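S.K.: no sequence for this one, just the structure:
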């Protein structure tokens, strides 16, 4: 999660607060700012509130859920936060610079299989 903040990556990083604990209070230790993880796999949580954090370089990010835009937000200290209803499928974050030029995108999605779930992360822009 620190890679965009440290200048190691230009790709947005998508992190999700545990949907299976949606609405619960949580305590973070001294060394963590969030309990969000790089996961969009929350079986049995359809319809629950999902809190998503995007970490990126640039000035704005746009988040898409299953192809539908959840809006553009300005980055504050390399971070933007979104809330949505959890649905299986795909999240995509696109970062933009001050001239509104796309910098990079990151996909995070889940595919249901007979044996369980399979993660895929595309690397191409």
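M.R.: Here it is on my side, so go on. Quick caveat: nothing in here was measured; it's all calculated off a predicted structure.
S.K.: C-alpha from now on. contacts and neighbour counts both.
M.R.: Will do.
S.K.: look up the residues forming beta bridges with the most centrally placed residue in the chain.
M.R.: The chain has residue 14 as the residue nearest its centroid, 2.6 Å off, counting by Cα atoms, centre = their mean. Beta-bridge pairing of residue 14 under DSSP bridges involves residue 54.
S.K.: one more: residue 106?
M.R.: So, taking DSSP bridges as the rule, residue 106 has residue 93 as bridge partners.
S.K.: still on that earlier bit, OK, contacts around the residue nearest to the centre of the chain?
M.R.: Taking Cα atoms under 8 Å, 6 or more residues apart in numbering, we find residue 14 in contact with 38, 52-55, 93, 106, 108.
S.K.: need those in TSV (columns: neighbour count).
M.R.: Formatted as TSV, those follow (neighbours: other Cα atoms under 10 Å):
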residue	neighbour count
38	15
52	22
53	22
54	25
55	26
93	24
106	21
108	21
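S.K.: can you tell me which of these is closest to residue 99?
M.R.: If you rank the contacts of residue 14 by distance to residue 99 using Cα to Cα, residue 93 comes first, at 17.5 Å.
S.K.: you'd agree the closest one is up against residue 64?
M.R.: Yes: taking contacts as Cα atoms under 8 Å, residue 93 lies within contact range of residue 64: 6.3 Å.
S.K.: list the buried residues of stretch 26-41.
M.R.: 36, 39-41 (16 or more other Cα atoms under 10 Å).
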